[in-house]
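> sharing a model that was predicted from the sequence below.
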Amino acid sequence: MLSLDEVRRIADLARIEIPEAGVAALQQQLNGILVLIEQMCAVDTTGVEPMAHAVDVTQRLRADRVTEADQHELFQSAAPQVEDGLYLVPKVIE
Amino acid sequence: MQWEVVIGLETHAQLSTASKIFSGSSTAFGAAPNTQASAVDIALPGVLPVLNRGAVERAIRFGLAVGATIAARSVFARKNYFYPDLPKGYQISQYELPVVSGGDVLIVVDGVEKRVRLTRAHLEEDAGKSLHEDFHGMSGIDLNRAGTPLLEIVSEPDMRSAGEAVAYAKTLHSLVRWIGICDGNMQEGSFRCDANVSVRPAGSEVLGTRCEIKNLNSFRFLEKAIEYEVRRQVALIEDGGKVRQETRLWDPQKGETRSMRSKEDAHDYRYFPDPDLLPLEIAPGWIASVKATMPELPGAMRSRFVADHGLGATDAATLTSSKALAAYFEEVVRLVGGEPRACANWVLGELLALLNRLEVEADASPVAPGALAGLVKRVLDGTVSGKTAKEVFEAMAAGEGEADAIIDKRGLRQISDAGAIEALVDQVLAANAKLVDDYRAGKEKAFNALVGQVMKASRGLVNPAQANAILKKKLG
């Protein structure tokens, strides 16, 4: 079961802001989901291949050809800030 | 205490496709910012990735080249993290079921072969680029590189020195170019290495705590960074400290590795299968048809050069370091009609020096294989001495024509006519009475001086062995 700190950490990883007053409620909801998963875990799945996708078909492939034209002006018309063709964002250095 | 170094490498090879791994945007390097970033690459809502057949085919080529298992079914996964040059908030990669598993790469270090096992190789997309300068306190984002196909090749921790790591990286670099899946341009970032380095007491079976070193975009940096990191870890442990598992960045200016601001959450990527992509199936028929197009591999060619041509392992490894050089060498041997060792000496000596000087590949050499073969033949049949031949080679490199023409024009034919040499020797003996007396008085050195005089009088064109013999006879 998730602790309150784990809930805060998950929120942080997902870049979701959660008011401190809502953490406990969220903990309860998330733990409720984990209870459901635990019930499923009780099923014996020996020999069953893990499912990678809900649909039982395989990936179609495209030919290696350049089919896209430059549309950066159109795309950048929706961007808050652009300079010299670059999207500008608050400075982030790892 | 004796320490053992343990190194594993993670290599990102940019695949040489025309278009991106999940979109039809061009992958060409150097375009104006964001002009090669489509709606899929910049992650506009509602777009879907469609996998590029060319990227998969290159992964298959790699798997075949290293004797790996190519998965009949592999799965794409989302690797989640937030960074401005990763527009989706996740990178599409492969996690539990990669396209290539196992295999190995044979390296040669100090003339000895060593097998480096591979863990896996998986397909993934590259991120964009962040530019941190000149934007009044903001970062500029160029997404042209976002979605470029990469093959991440992960080795087992089988290397035991910086030298072995460099040999492995070079062998892998040569291999991906050889099989035509990556252009190998390290300046443009087409081939990048991260090194996992740890140390342990010699004889220990337990692995030490490792650090991952990033930003190694040249073989020299790879070597320097590992050497630095090993010294750092050993000093740390010997001072009673502990190595902390972390990611470190190589700083080429300072020549040291430094800790990247270690965010505890950075490695919690919360992988899960990407619902936008169906499992990738590779039928045996596809693998077979790719196999039919594979060239002879450098490892096989190297063994052949050792077995059939009697070359040393190191020489054979150098000759097979690029496909162009190997093809050049084979063509010279074919045109000379054998004598592979003499051909190898010329290719590894004068030719490589010339190519390095001009910074070109063997297929762009100003001295074509036919021209070099013509020269080697003249050395083998005694027309010119090895020393004179180097002069002829330089003249060929300068575009003065074929070996025979240069030899004739410059009068470089070796004098092997006994009568002519005797005349020269008589002349030298007459002019150097003092040396002759010295020799007769027992000074062996005087003999060498006399040989030198004969060579000088002939402008180096006399066969030295012949001059020696005739001189000895005359001095009786």
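Nice, thanks for sending it over.

> rest of the way, CA atoms for contacts and neighbours
OK.

> and the single nearest residue of the stretch 251-400 of chain B relative to chain A, which of the three is it?
Here the stretch 251-400 of chain B gets closest to chain A at one residue, B:Leu278, 4.6 Å apart by C-alpha to the nearest C-alpha. Applying DSSP: H, G, I helix; E, B strand; the rest coil to B:Leu278 yields a three-state assignment of coil.

> check contacts around it.
Going by C-alpha atoms under 8 Å, 6 or more residues apart in numbering or on different chains, B:Leu278 touches A:Ala52, A:His53, A:Val55, A:Val57, A:Thr58, A:Gln59, B:Val75, B:Phe76.

> I'd say B:Leu471 and B:Leu424 touch.
No: proximity of B:Leu471 to B:Leu424 does not meet the contact threshold set by C-alpha atoms under 8 Å, at 9.9 Å.

> more neighbours: which of those two?
Legend: neighbour count by other C-alpha atoms under 10 Å in any protein chain shown for B:Leu471 and B:Leu424, higher for B:Leu471 (22 against 19).

> ok so that one is a helix residue?
Yes: B:Leu471: assigned to a helix according to three-state DSSP.

> so which helix or strand of chain B has the lowest pLDDT on average?
Ranked by mean pLDDT, DSSP states H and E, the weakest helix or strand in chain B is helix B:464-475, scoring a mean of 82.

> run through who's touching it.
For helix B:464-475, using C-alpha under 8 Å, 6+ apart, the contacting residues are B:Ser416, B:Ala418, B:Ile421, B:Glu422, B:Val425, B:Val436, B:Val451, B:Val454, B:Met455.

> ok, now with 7 Å
B:Ile421, B:Glu422, B:Val425, B:Val451 (C-alpha atoms under 7 Å, 6 or more residues apart in numbering or on different chains).

> what does chain A have sitting close to chain B?
When proximity is defined by C-alpha under 7 Å from any C-alpha of the partner chain, chain A lies next to chain B at A:52-53, A:57-59, A:61-68, A:70-72, A:85-92, A:94.

> go through the residues you listed and flag which are in strands.
Judged by DSSP state E, strands contain the following of the residues of chain A next to chain B: A:Leu61, A:Arg62, A:Leu86, A:Tyr87, A:Leu88, A:Val89, A:Pro90.

> ok so, going back, just how off-centre is the least confident helix or strand of chain B within its chain?
Remark: helix B:464-475 is offset 47 Å from the chain centroid, using C-alpha atoms, centre = their mean, to the nearest Å.

> okay, buried residues for that helix please.
Of the residues in helix B:464-475, those with enough neighbours to count as buried (16 or more other C-alpha atoms under 10 Å in any protein chain shown) are B:Pro464, B:Gln466, B:Ala467, B:Asn468, B:Ile470, B:Leu471.

> how many residues are close by B:Ala457?
When neighbours are defined as other C-alpha under 10 Å, B:Ala457 has 15 of them.

> so what's it up against?
Contacts of B:Ala457 by C-alpha under 7 Å, 6+ apart: none found.

> swap the cut-off to 8 Å and go again
Contact analysis of B:Ala457 by C-alpha under 8 Å, 6+ apart lists B:Leu424, B:Val428.

> which of the contacts of B:Leu278 are buried?
For the contacts of B:Leu278, a burial check counting by 16+ other C-alpha under 10 Å picks out A:Ala52, A:His53, B:Val75, B:Phe76.

> contacting residues around the second one?
Okay, so that is A:His53. B:Pro273, B:Pro275, B:Leu278, B:Pro279.

> any idea how far B:Leu9 is from B:Gly103?
Using C-alpha to C-alpha, to the nearest Å, B:Gly103 is found at 14 Å from B:Leu9.

> between those two, tell me which one has more neighbours.
B:Leu9 (24 against 21).

> please go through chain A and pick out the longest helix.
Ranked by residue count and defined by DSSP state H, the top helix of chain A is helix A:23-41.

> and that one, what does it pack against?
Judged by 3 or more C-alpha pairs under 8 Å, 6 or more residues apart in numbering or on different chains; DSSP states H and E, helix A:23-41 is in contact with helix A:4-13.

> quick one on the thing from earlier: residues in contact with the longest helix of chain A: which ones?
Contacts for helix A:23-41 (C-alpha under 8 Å, 6+ apart): A:Met1, A:Leu2, A:Ser3, A:Leu4, A:Val7, A:Arg8.

> give me the most central residue, the chain.
Since no chain was named, I'll use chain A. Centre of chain A computed as the mean C-alpha position; nearest residue by C-alpha atoms, centre = their mean is A:Ala14, 7.3 Å away.

> oops, chain B please
B:Lys170 (3.9 Å).
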